[in-house]
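Peer 1: Please find the sequence and the predicted model below.
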Amino acid sequence: MVLRTLWQGFLAVLVLLGLGIAGALRLVAIESSSLDRAQALHARMAAEDIPPSLRRLYLDYSLGDDNQRICASLKLGLASARESRYSLAARALDEAIVRIRAAQSAQASRKKPMASPWFLGEPYERSALYLYRAVLYIQQENFAAAIAAAKKCLEEDGITTEDGQGDWASAAWVASYAAGVAGDEKAKKQAIRIWNRIQGGSTKGALPVAGDNILVLVETGEGPHKLRRGKNGEILVLAEGPDRVRRVTVGLVGQKPLVIGPTEDLYWQATTWRGQHVEAFLNGQPVTSSTGQSSDSSEEASAGESAPSLADIRSWSNLPHRIFLASLRCPEGTSRVRLQGLDEQNRVVAESTWRVPISSDKPNGVIWDFFP
């Protein structure tokens, strides 16, 4: 309290000379309010038992303005899920959904499109948001909401696919799992149809089977990196992030594990537009050689006009490169589940073991892990 009073007095003396008494008193009041807010925030972090690894993200989430809040919510939500802080993760992602929907509605109501001061994310980021929320709904045993969120994941991706239906196989997988656990045969059949449409008859991956009660989600590597290119920085370029993991093994300790490939590749999703590989975008539209567009031609077309706006490189920066999904059947009691990440030479480069309690009160569970 003494230090705080001295600090406020020091500020008042400094600004009196330049701003006068009224201005000085206003700045001191602002500083006092900020200190009160910081103290309240730290008390809240202590009450919610926020671990040190999440405190910086929690501060960004709590103190950021509207322009920063969506990104901060997304990052905090994903980081919290990776630490099994599922309630905090759901709260943060729900706030991001509300704010993104409000910004989308505001954009839709404008007669002339314009850059949004709010972060809307690229289609792959919004699809990831709803996929993760679907998994959190499963953790909360709200299976109907999980199915709806998985459907929204596909809707957000629809703009990038030729048929407008989206091609996130992971959304179909999650919807199939949720419908199976809930006993919703209609929703399960629909999810299987979507899975078959996306996979095109491929045997890549496997859907959950009846009786599975543990959903396993493993993220690996780093998601796409956003860069600016073009004469005026108007071109958004998506660069691939590193990932050493190519396959994941999942199984109960002492039993033969499943070996699975990725259910989703976020770099592929980010750079695939209606069947074409696209790394560059201008005003949300792909820049490809096949359409005759490029960084140079877009600049020539804008000659004599006002300079295009800078590409928005705000990013959900802790997204992974790949997502692996699997399901297990665990008996009542506590089971031990081992996960391993394998590289291209099938060497183990990451490993974890989980204790999974199953009871009549909690017959289903979620394992959420991250191999950077």
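Peer 2: Ah, there it is. None of the values given here were measured: they were computed from a predicted structure.

Peer 1: List the buried residues of stretch 58-72.
Peer 2: Neighbour-count burial for stretch 58-72 flags Tyr58, Leu59, Asp60, Tyr61, Ser62, Arg69, Ile70, Cys71, Ala72 (criterion: 16 or more other Cβ atoms under 10 Å). (Each C-beta comes from the backbone N, C-alpha and C, glycine too.)

Peer 1: what residue ranges in this structure score low on pLDDT?
Peer 2: Along the chain, the parts satisfying pLDDT under 70 run over 1-34, 111-116, 201-205, 288-308.

Peer 1: Helices of that one, residue ranges please.
Peer 2: 2-47, 52-63, 66-82, 86-109, 123-139, 143-157, 169-182, 185-199, 266-270, 295-301 (DSSP state H).

Peer 1: how about Arg247, what does it touch?
Peer 2: The neighbours of Arg247, taking Cβ atoms under 8 Å, 6 or more residues apart in numbering as the test, are Val259, Ile260, Gly261, Gly341, Leu342, Asn346.

Peer 1: most neighbours, which of the residues you listed?
Peer 2: Gly341 (24 neighbours; other Cβ atoms under 10 Å).

Peer 1: quick one: that residue and Val248 touch, right?
Peer 2: Yes: counting by Cβ atoms under 8 Å, Gly341 does reach Val248; the two are 5.7 Å apart.

Peer 1: Between the two, which contacts overlap?
Peer 2: Val218, Thr220, Phe371.

Peer 1: sorry, back to before: Throw the contacts of Arg247 into JSON lines and include distance to Gln104, thanks.
Peer 2: As requested, the contacts of Arg247 are arranged in JSON lines below (distance: Cβ to Cβ, whole Å):
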{"residue": "Val259", "distance to Gln104": "40"}
{"residue": "Ile260", "distance to Gln104": "34"}
{"residue": "Gly261", "distance to Gln104": "33"}
{"residue": "Gly341", "distance to Gln104": "36"}
{"residue": "Leu342", "distance to Gln104": "39"}
{"residue": "Asn346", "distance to Gln104": "44"}
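
Peer 1: Of these, which is the nearest to Lys362?
Peer 2: Ile260 (24.9 Å; Cβ to Cβ).

Peer 1: tell me the contacts of that closest one?
Peer 2: Gly205, Ala206, Arg247, Val248, Thr249, Val250, Phe324, Leu325, Ala326.

Peer 1: Without its sequence neighbours, what residue ends up closest to Val337?
Peer 2: Closest residue to Val337 apart from its sequence neighbours, by Cβ to Cβ, 6 or more residues apart in numbering: Trp354 at 4.6 Å.

Peer 1: correct me, but the one you found touches Leu328?
Peer 2: No: counting by Cβ under 8 Å, Leu328 is not a contact partner of Trp354; they are 10.4 Å apart.

Peer 1: Those two - which one has more neighbours?
Peer 2: Leu328 (22 against 17).

Peer 1: which ones are touching that one?
Peer 2: Asp212, Asn213, Ile214, Val216, Val250, Gly251, Leu252, Val337.

Peer 1: let's go with 10 Å and repeat that
Peer 2: Contacts for Leu328 were tallied using Cβ atoms under 10 Å, 6 or more residues apart in numbering; they are 208, 211-216, 250-252, 255, 257-258, 335, 337, 356, 365, 367.

Peer 1: likewise Val253?
Peer 2: Ser335, Arg336, Val337, Arg338, Thr353, Trp354, Arg355.

Peer 1: how deep is the nearest residue to Ser317 once chain neighbours are set aside tucked in, by neighbour count?
Peer 2: Spatial nearest neighbour of Ser317, chain neighbours left out: Lys75 (6.7 Å); criterion: Cβ to Cβ, 6+ apart. Residues contacting Lys75 under the criterion other Cβ under 10 Å number 22.

Peer 1: I'd say Lys75 and Leu57 touch.
Peer 2: Yes: Lys75 is within contact range of Leu57, at 5.5 Å (criterion: Cβ atoms under 10 Å).

Peer 1: Overlap in contacts, these two.
Peer 2: In contact with both Lys75 and Leu57: Ala92, Asn318, using Cβ under 10 Å, 6+ apart.

Peer 1: What's the ChimeraX syntax to select whichever of the contacts of Val253 are buried?
Peer 2: Restricted to buried positions by 16+ other Cβ under 10 Å, the ChimeraX selection for those reads:
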select :335,337,338,354
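
Peer 1: With distance to Arg126 added, can I get the contacts of Val253 in CSV?
Peer 2: Formatted as CSV, those follow (distance: Cβ to Cβ, whole Å):
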residue, distance to Arg126
Ser335, 35
Arg336, 36
Val337, 31
Arg338, 33
Thr353, 34
Trp354, 30
Arg355, 34
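
Peer 1: tell me which of the contacts of Val253 is nearest to Ala280?
Peer 2: For the contacts of Val253, the closest approach to Ala280 (Cβ to Cβ) belongs to Trp354, at 40.5 Å.

Peer 1: And the closest one, how far from Asn196?
Peer 2: 31 Å (Cβ to Cβ, to the nearest Å).
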